[in-house]
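In: Sequence and predicted model, in that order:
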Amino acid sequence: MKNDGVQPALSELLDAAAYEAADHVLSGMAEEIYRDGFSVRENALPSTIAEAMAQAVLAKPLADFNRAGIGRAETHTHNEAVRSDRIHWITSESAEHLAWLAWAQAFKNHINRRLYLGLFSFESHFAHYAPGDFYKRHNDAFKGQANRMLSLVVYLNRDWDVNNGGELVLYKTEQDQEGIRVAPRFATVVAFLSEEFPHEVLPATCDRYSIAGWFRINSSNSKKIDPPS
Ligand SMILES: O=C(O)CCC(=O)C(=O)O
Ligand SMILES: [Fe+2]
């Protein structure tokens, strides 16, 4: 990647990720997940990484975003009645992606040390919700399928106004109709047990950018490699 003085160098980004690994923020989040099953923290993503990822998502041409699907592999369908956002999977294509992945790795190590969840692999994508886009109430994982264990969401919207809408609503139980509302403010991080919390994304009046990711446990056996990487 070109380092033109605006984009931070990879070493700087990785230093930020490494610094974060030692930071009390992750311990606090681990404590909350242990106690409540979820954690919401403003400014939990180091600002260098949040800035770099916000720049990266804004620079992406629209053609690089695909209609999001629902379910995995063979059950993968596009259902615009359920969600209307567009996504771009994060790979190690650039310095900022690597810094984000390094931070997610530090997060995972922290959670595994504190909670013994056995988190193994991580996948994540950028999401763009245009004005009016939504993701109806859903679960990220279903009991007994040993797939997604912990969901992680980070918001990349600078100067977000509460009147813009676009909240994440996290429901504490299947019966809960009220939920907890989280504004998609810049560098706010949300983590929750994927099987335990139904949630939805309310429509916003302006563009809403985020990263959504999932940690899986290693459920491979001699017949099946799962996850594949
Ligand atoms: O963007 C959010 O607040 C949550 C997104 C979400 O629920 C998902 O992608 O599964
Ligand atoms: Fe979700």
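Out: Yes, it's here. Everything numeric in this text was worked out from a predicted model, so none of it was measured. Ligands and ions are numbered 1, 2, ... in the order given.
In: For this structure, which segments are assigned as strands?
Out: Listed in chain order, the strands of the chain (DSSP state E) span 38-41, 66-67, 86-89, 119-129, 135-138, 148-155, 168-170, 180-182, 189-193, 199-201, 208-217.
In: Kindly reformat the ones you listed as CSV and extend each row with mean neighbour count, distance to ligand 1 and mean pLDDT.
Out: Just so you know, the C-beta spots here come from the backbone N, C-alpha and C atoms, and that holds for glycine as well. What follows is those, written out as CSV (neighbours: other Cβ atoms under 10 Å; distance: least, Cβ to the nearest ligand atom, whole Å; pLDDT from 0 to 100):
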stretch, mean neighbour count, distance to ligand 1, mean pLDDT
strand 38-41, 20, 11, 97
strand 66-67, 12, 13, 89
strand 86-89, 16, 8, 94
strand 119-129, 20, 6, 94
strand 135-138, 15, 5, 96
strand 148-155, 23, 5, 96
strand 168-170, 21, 3, 98
strand 180-182, 16, 7, 98
strand 189-193, 22, 7, 97
strand 199-201, 22, 5, 98
strand 208-217, 22, 4, 96
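In: Any chance of JSON lines for these, columns distance to residue 107?
Out: Formatted as JSON lines, those follow (distance: least, Cβ to Cβ, whole Å):
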{"stretch": "strand 38-41", "distance to residue 107": "11"}
{"stretch": "strand 66-67", "distance to residue 107": "26"}
{"stretch": "strand 86-89", "distance to residue 107": "19"}
{"stretch": "strand 119-129", "distance to residue 107": "9"}
{"stretch": "strand 135-138", "distance to residue 107": "22"}
{"stretch": "strand 148-155", "distance to residue 107": "7"}
{"stretch": "strand 168-170", "distance to residue 107": "18"}
{"stretch": "strand 180-182", "distance to residue 107": "18"}
{"stretch": "strand 189-193", "distance to residue 107": "8"}
{"stretch": "strand 199-201", "distance to residue 107": "19"}
{"stretch": "strand 208-217", "distance to residue 107": "9"}
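In: Let me know which of these is the nearest to residue 104.
Out: Proximity to residue 104, assessed across those by Cβ to Cβ, is greatest for strand 119-129 (5.2 Å).
In: Which strands or helices does that closest one pack on?
Out: Contact here means 3 or more Cβ pairs under 8 Å, 6 or more residues apart in numbering; DSSP states H and E; on that basis strand 119-129 packs against helix 47-59, strand 86-89, helix 95-115, strand 148-155, strand 208-217.
In: who does it pair up with?
Out: With DSSP bridges as the test, strand 119-129 is paired with strand 86-89 (antiparallel), strand 208-217 (antiparallel).
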